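A structural model of the following input is requested.
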Amino acid sequence: MAIWAQYHHLLALFLLTWASAVPTNANMEGDALYALRRAVKDPEHVLQSWDPTLVDPCTWFHVTCDSDNRVTRLDLGNAKLSGNLVPELGKLERLQYLELYMNNLVGPIPEQLGGLKNLVSLDLFHNNLTGSIPPSLSKLSNLRFLRLNRNRLSGTIPRELTKLGSLKILDVSNNDLCGTIPTTGSFSKFSEER
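Got it, this is the predicted structure:
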């Protein structure tokens with residue numbers, strides 16, 4: 001009987017160790033989203049449901065997931081958030097829509113966002129983001145909407161962005177950008193509007 005109890009104890013210990021050593025996508029994505037929650041002030045409590053003890057961030061408000069419970073959309077436009085964007089957002093591998101417009105986000109746009117291969121829409125307009133536009137955004141081959149207007153971005157528009165063949169809307173107006181606007185590649189179809 002003692003051997004049988006010892007066997008069950010060892011089996012339970014093995015399973016517990018194995019289960020905790022294999023990270024799930026939901027936990028990794030939850031950790032990435034929770035890093036954003038920790039980096040911002042949330043006076044309206046829109047992130048109140050973002051509980052890191054829950055295995056699945058798909059139950060959190062403002063988060064949409066696909067049938068595999070992978071995060072595909074983050075809708076936090078006009079949420080009165082203030083603080084910094086976090087590089088961990090680049091871990092949301094299936095993210096298609098990153099909507100963080102009309103907040104009071106500051107600091108640079110993390111270059112890790114360039115790893116979001118499925119991103120269709122990047123809406124960071126009307127914040128107080130600073131620094132340059134990361135050239136890594138040129139890796140977003142599915143990107144159709146890039147709205148970075150009404151920030152305090154500086155430097156030039158990266159020429160690499162002209163490789164974004166799917167891009168339909170580009171708005172970088174009302175920033176502190178300098179230099180010429182590229183007119184080659186996908187940028188040849190855009191007009192200079194204010």
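
per-residue pLDDT, R152?
Listed pLDDT for R152 reads 98.

same thing with A5?
51.

helix, strand or coil for the closest residue in space to G185 that isn't next to it in sequence?
Counting by CB to CB, 6 or more residues apart in numbering, T162 is the residue found nearest to G185 once chain neighbours are left out, at 3.2 Å. C-beta: built from backbone N, CA, C; applies to glycine. Going by DSSP: H, G, I helix; E, B strand; the rest coil, the secondary structure assigned to T162 is helix.

T162 against I181, yeah?
No - using CB atoms under 8 Å, T162 is not in contact with I181, being 10.2 Å away.

now do the shared contacts for these two.
Residues touching both T162 and I181 (CB atoms under 8 Å, 6 or more residues apart in numbering): F187.

list the contacts for the residue positioned nearest the centre of the chain?
The chain has L89 as the residue nearest its centroid, 3.9 Å off, counting by CA atoms, centre = their mean. The contact partners of L89, taken as CB under 8 Å, 6+ apart, are A32, A35, L36, L74, L95, L98, P110, Q112, L113, L116.

which ones among those residues lie within helices?
Among the contacts of L89, DSSP state H puts A32, A35, L36 in helices.

okay, the residues you listed in CSV with neighbour count, pLDDT and distance to S136 next?
Output for the ones in helices among the contacts of L89, formatted as CSV (neighbours: other CB atoms under 10 Å; pLDDT from 0 to 100; distance: CB to CB, whole Å):
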residue, neighbour count, pLDDT, distance to S136
A32, 21, 97, 17
A35, 16, 97, 19
L36, 22, 98, 18
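
turn the residues you listed into JSON lines, including distance to F125.
Output for the ones in helices among the contacts of L89, formatted as JSON lines (distance: CB to CB, whole Å):
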{"residue": "A32", "distance to F125": "22"}
{"residue": "A35", "distance to F125": "22"}
{"residue": "L36", "distance to F125": "18"}
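
ok, the closest residue to S173 other than its chain neighbours - contacts?
Leaving aside its chain neighbours, S173 sits nearest to N149 (4.5 Å; criterion: CB to CB, 6+ apart). Neighbour list for N149: F125, H126, D171, V172, S173, N174, N175 [criterion: CB under 8 Å, 6+ apart].

host element of the second one?
Per DSSP states H and E, H126 falls between elements, in no helix or strand.

L76 versus that one, what's the distance?
Separation of H126 from L76 (CB to CB, to the nearest Å): 13 Å.

thanks again, I'm all set now.
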